[in-house]
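Asks: pasting a predicted model and its sequence here:
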Amino acid sequence: MNCSKLEEYITILQTLLLHGPISLTEIESLIRIERFELINDLAFLLEQNAVTKKFSDESSAYVAAPLGVRLVKYFGLNPLMKK
């Protein structure tokens with residue numbers, strides 16, 4: 001992916017909205033971003049409360065938080081989301 005950080009964050013949030021809750025590996029394959037960069041991006045989004053991490057017995061999954069939904073709506077980058 002060759003885009004700005006904001007575009008990366010919004011792409012991650014869009015992916016979580018469309019496919020979530022999903023694992024790190026699934027996100028990586030859907031948006032084709034390197035794992036190291038994805039982990040850093042998810043850590044930032046977790047700190048900002050735009051993403052939440054759900055734990056189960058064997059794995060964890062990421063899901064867009066209400067703030068993440070608002071960010072996608074605000075930037076208007078997801079045609080499936082209504083303003």
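Replies: Sure thing, it's come through.

Asks: only C-alpha atoms for contact and neighbour calcs from this point on.
Replies: Fine.

Asks: all helices for the protein, in order.
Replies: Assigned by DSSP state H, the chain shows helices spanning 5-19, 24-31, 35-47, 66-75.

Asks: figure out which of the ones you listed is closest to S59.
Replies: helix 24-31 (9.7 Å; Cα to Cα).

Asks: buried residues in that closest one?
Replies: For helix 24-31, burial by neighbour count (16 or more other Cα atoms under 10 Å) applies to 24, 27-28.

Asks: which other helices and strands does it contact?
Replies: Packing contacts for helix 24-31, counted by 3 or more Cα pairs under 8 Å, 6 or more residues apart in numbering; DSSP states H and E, involve helix 5-19.

Asks: now the helix it packs on: mean pLDDT?
Replies: The predicted model assigns helix 5-19 a mean pLDDT of 91.

Asks: what does that helix contact?
Replies: By Cα atoms under 8 Å, 6 or more residues apart in numbering, the surrounding residues in contact with helix 5-19 are 1, 22, 27, 30-31, 41, 45, 51, 62-64, 68-69, 71-72, 77-78.

Asks: state the distance from F36 to R70.
Replies: Distance from F36 to R70, counting by Cα to Cα, to the nearest Å: 26 Å.

Asks: those two: which is more packed in?
Replies: Ranked by neighbour count (other Cα atoms under 10 Å), F36 and R70 place R70 first, with 15 against 9.

Asks: just to revisit the earlier point, mind checking which of the helices of the chain is nearest F55?
Replies: The nearest among the helices of the chain, by Cα to Cα, is helix 24-31 at 12.2 Å.

Asks: quick one, what contacts K53?
Replies: 46, 60-63.

Asks: most neighbours, which of those residues?
Replies: Counting neighbours by other Cα under 10 Å, V63 leads these with 22 neighbours.

Asks: got the phi and psi for the closest residue in space to it that isn't next to it in sequence?
Replies: With Cα to Cα, 6 or more residues apart in numbering as the criterion, V63 has its nearest non-adjacent residue at 4.6 Å, and that residue is P21. Phi and psi for P21, reported as degrees, to the nearest 10, are phi -70, psi 130.
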